[in-house]
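J.: The following block contains a protein sequence and its predicted model.
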Amino acid sequence: MSDEQDKQADIFDPIFKGTGTPATDDQGKPLIETLPDPPTWRRADRRKQERGATFQAQSNEIELVNAALYLRRPLLVTGKPGVGKTSLAYAIARELDLGEVLYWPITTRTTLKDGLYLYDAIARLQDSTEKERSGPNRFDNIGKYIRLGPLGTALLPANKPRILIVDEIDKSDIDLPNDLLYVFEEGNFEIPELTRIEDIKADVEVRTAYKDEQEFTFNDEAGVVVEGKTTIAKGQVTCNQFPLMILTSNGERDFPPPFLRRCIRLTMQEPDEKRLTDIVKAHLRQEENGDRLIAESEQKIADLVRRFIEKRSHYSKGDLATDQLLNAIYLITRERPLNIPPDVSSPGDLIDRLWKHLSSSEDQLSDNRRRG
């Protein structure tokens, strides 16, 4: 692609121009100050609310979410990247007023204890003197060095289920799914560091995984969590309401039958044309002039949705995620310079580069073409 073609492919006013000199407009104002508001789904102060408000649930998803709620079972949600697995949890929390969504990301190194609690013995040792370590009050501040993990926090007593995302469970070590079985069935665990001192200090205040001070779960009505902290009695944590656990998976591995038996299983399909259009409009309605943007861009949205589905159908090249479509929609609905062609379907334009399949091989092919 030539430099001239590259220039014509731009569909927004560039802030960064690659000149190596401070960028200002004609009045000398720094261009960074002209940067428009971000997409609603990329506004840090609204991201959680946005995810819950714009999710478009399908009938089979609604049915299985209710099954998990009624049966008090974890919901194992499988689907390709970007289909809305984690957004489903935020939509449930918003609609049922379950408070902050606890989040536990899983890697190959994650253990069950990581999700239950963290005890920082090294920091406690560094902070104490030899006299304090051997004195009668040596356990007074032990709670400062213990923090409940997302799973441990979800198992605290509550008037209604707490909600937890266990994200990408298929990335876990082979033992983690089986390690979770006891928690699924019994809903309790112990903190050995506190159990050992229950005769000396029975009640210990510790931090929880709750961070959002705006949610009622940071200061719940039952007084279990106050200012993001809770009191553990005799080192035991036992739920009186099984939490709603949303376990997400990209389908990259199989799970053992005992684990699957304890889960309600939902497979989320890629959204079709109607659902994609609904998702786009739901996001645009969060903008200040959302209805006007939709009315002015109706045909552009329809064309891009169809074009997105067409490119997504090339499964051999990899997957496309819904937020890639949203990125393109955001750019074409912004005000653009008059000299920019309105045709966003020209070959090799920015939209195509935004819609690379989720495979690094396409990056290499694209780079080679551009160098050629």
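T.: Sure thing, it's come through. Residues are numbered from 1 along each chain as shown.
J.: just the helices in the stretch 251-372 of the chain please.
T.: 257-261, 273-284, 290-296, 298-312, 322-332, 350-354, 360-371 (DSSP state H, counting those that start in this stretch).
J.: Pull the residues that contact the first one.
T.: When contacts are taken as C-beta atoms under 8 Å, 6 or more residues apart in numbering, the neighbours of helix 257-261 outside the stretch itself are Leu76, Pro177, Asn178, Leu180, Leu181. All C-beta spots, glycine's among them, are computed from the backbone N, C-alpha and C.
J.: so how many other residues sit close to the nearest residue to the first one once chain neighbours are set aside?
T.: Nearest residue to Leu76 in three dimensions, chain neighbours excluded: Cys263, at 4.1 Å (C-beta to C-beta, 6 or more residues apart in numbering). A count of neighbours around Cys263, defined by other C-beta atoms under 10 Å, yields 20.
J.: give the contact list for Cys263.
T.: Arg73, Pro74, Leu75, Leu76, Leu247.
J.: Would you map the helices across the stretch 51-200 of the chain?
T.: 59-71, 85-96, 112-116, 121-127, 130-134, 150-154, 176-179, 181-186, 192-195.
J.: Name the stretch from the ones you listed where average model confidence is lowest.
T.: Across these, helix 130-134 has the smallest mean pLDDT, namely a mean of 56.
J.: need the contact list for the residue nearest the centre of the chain.
T.: Central residue of the chain (C-alpha atoms, centre = their mean): Thr86, 5.3 Å from the mean position. Going by C-beta under 8 Å, 6+ apart, Thr86 touches Arg51, Ile165, Asp167, Ile246, Thr248.
J.: Of these, keep whichever come out buried.
T.: Among these, the ones that count as buried by 16 or more other C-beta atoms under 10 Å are Arg51, Ile165, Asp167, Ile246, Thr248.
J.: Show me the one in the contacts of helix 257-261 that has more neighbours than the rest.
T.: Within the contacts of helix 257-261, most neighbours by other C-beta under 10 Å means Leu76, with 25 neighbours.
J.: and the gap between that residue and Lys85?
T.: Distance of Leu76 to Lys85, given as C-beta to C-beta, to the nearest Å: 10 Å.
J.: do Arg312 as well
T.: Arg312 is 17 Å from Lys85, by C-beta to C-beta.
J.: and the residue lying closest to Gly79 once chain neighbours are set aside, how many residues sit next to it?
T.: Excluding the flanking residues, the one nearest Gly79 by C-beta to C-beta, 6+ apart is Met268, at 3.5 Å. Applying other C-beta under 10 Å, we find 19 residues neighbouring Met268.
J.: Can you give me the pLDDT of Met1?
T.: For Met1, the model assigns a pLDDT of 39.
J.: ok, now Val83?
T.: With respect to pLDDT, Val83 has a value of 89.
J.: What is the neighbour count of it?
T.: 21.
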